[in-house]
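Student: Please work out how this folds:
(one chain, ligands or ions: 1)
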Amino acid sequence: MFKLTNIKKTFKDKKNIVSALDGVTFEIKSGEIFGIIGKSGVGKSTLLKILSFQSTYDEGEFIFLDKDTKNLTHHEQRQLLLETSYIHQSFSLLYNLSVLENIALPLILRGISKKEALEKSKKMLSYVGLIHKEKEYPITLSGGEAQRISIARALVTQPKVIYADEPTSSLDDATAYEILSLLKQINQEFKTTIIFVSHQTELVKYLCDRVLLLEKGKIKRLAEVKNTKELVTDYESIIWGDENVWSNLYSNW
Ligand SMILES: Nc1ncnc2c1ncn2[C@@H]1O[C@H](COP(=O)(O)OP(=O)(O)OP(=O)(O)O)[C@@H](O)[C@H]1O
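Tutor: Just a heads-up that it's a prediction; the model follows:
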């Protein structure tokens, strides 16, 4: 689905030239949950911005859905973008729209009638378990609820890929696992490719099929993770349950 070959990206400020990505080559397969990790400043955000078409690259080749992304027309780029969705650490909900309207927004922006958009959004709201919140405004939501709404909004357009940029960084552990379980469920049910950037290593191990470790703009390691396929539905069971998810996570890394 994604094929990057020798991607390079530098930033220039008044004094320095910073090599943010220095010859990065890898592929992401359709239906995969792919993690990107590394210390602060190694190039994770730069890579995610390139993968999600928010930033250009200086050298190399980036193929997405069999299309070379270098010389796309505005229309071609928009068509590719329509296959993608993004969830953020800060949820990025619009606070003057209701929960349901937030979810419907990407559909309305794509020209779908408000009636149809709201119907589809209600289904998504049920899917993420928050139909009782449809008339509420984001200010009333907990962090976990807000992220579920943001996931519903990402999913309502039936994207081929969801970019998840530190989506659990501002959540407590239990809620973070619930959110990752939801992403795992989405991946299993809809075959959505998920690209997950996080510094929370245990969560990366829980969620991802393969993980890319960046160091100073280069790939240090790219390997499969023997993650558990279980969905975490009950936090207590993680710690005290017979099926000890924690020990699976730790022993397989
Ligand atoms: N717009 C920019 N202008 C100048 N330098 C930049 C810019 N964006 C990133 N950089 C530099 O590129 C390097 C990689 O930055 P990047 O944000 O990709 O790292 P990161 O791994 O995402 O870090 P963090 O985990 O702290 O977000 C850093 O040295 C950073 O200072």
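Student: What's the per-residue pLDDT of the residue of the stretch 101-250 of the chain found nearest the ligand here?
Tutor: Using C-beta to the nearest ligand atom, His199 is the residue of the stretch 101-250 of the chain that sits closest to the ligand, at 6.2 Å. In short, each C-beta sits where N, CA and C put it, glycine included. For His199, the model assigns a pLDDT of 86.
Student: what does Asp242 give?
Tutor: The predicted local confidence for Asp242 is 53.
Student: name the element the residue of the stretch 101-250 of the chain closest to the ligand belongs to?
Tutor: Using DSSP states H and E, His199 falls within no helix or strand.
Student: what's near enough to touch it?
Tutor: Going by C-beta atoms under 8 Å, 6 or more residues apart in numbering, His199 touches 37, 40, 166, 169.
Student: Excluding chain neighbours, what is closest to the most centrally placed residue in the chain?
Tutor: By C-alpha atoms, centre = their mean, the chain has its centre lying nearest to Ala164, at 1.8 Å. Excluding its sequence neighbours, the residue lying closest to Ala164 (C-beta to C-beta, 6 or more residues apart in numbering) is Phe196, at 4.6 Å.
Student: Check which helices and strands the longest helix seen in the chain sits against.
Tutor: What stands out as the longest helix in the chain, according to DSSP state H, is helix 173-190. Packing contacts for helix 173-190, counted by 3 or more C-beta pairs under 8 Å, 6 or more residues apart in numbering; DSSP states H and E, involve strand 33-37, helix 143-155, strand 161-165, strand 193-197, helix 201-207, helix 235-240.
Student: How is Ala104 assigned, secondary-structure-wise?
Tutor: Three-state assignment for Ala104 (DSSP: H, G, I helix; E, B strand; the rest coil): helix.
Student: thinking again about what came up before, now the contacts of His199 in a markdown table, with pLDDT?
Tutor: Converted to a markdown table, those look like this (pLDDT from 0 to 100):
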| residue | pLDDT |
| --- | --- |
| Ile37 | 93 |
| Ser40 | 91 |
| Glu166 | 94 |
| Ser169 | 93 |
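Student: For Ile50, list the residues it contacts.
Tutor: Taking C-beta under 8 Å, 6+ apart, we find Ile50 in contact with 4, 7, 9, 21, 56-57, 62.
Student: if we can go back for a sec, which one of the helices and strands packed on helix 173-190 lies nearest to Glu27?
Tutor: Nearest to Glu27, of all these, is strand 33-37, at 9.5 Å by C-beta to C-beta.
Student: what is the orientation angle of the closest one with helix 173-190?
Tutor: Computed with axes from the mean of the first three to the mean of the last three C-alpha atoms, to 10 degrees, the direction of strand 33-37 lies at 140 degrees from that of helix 173-190.
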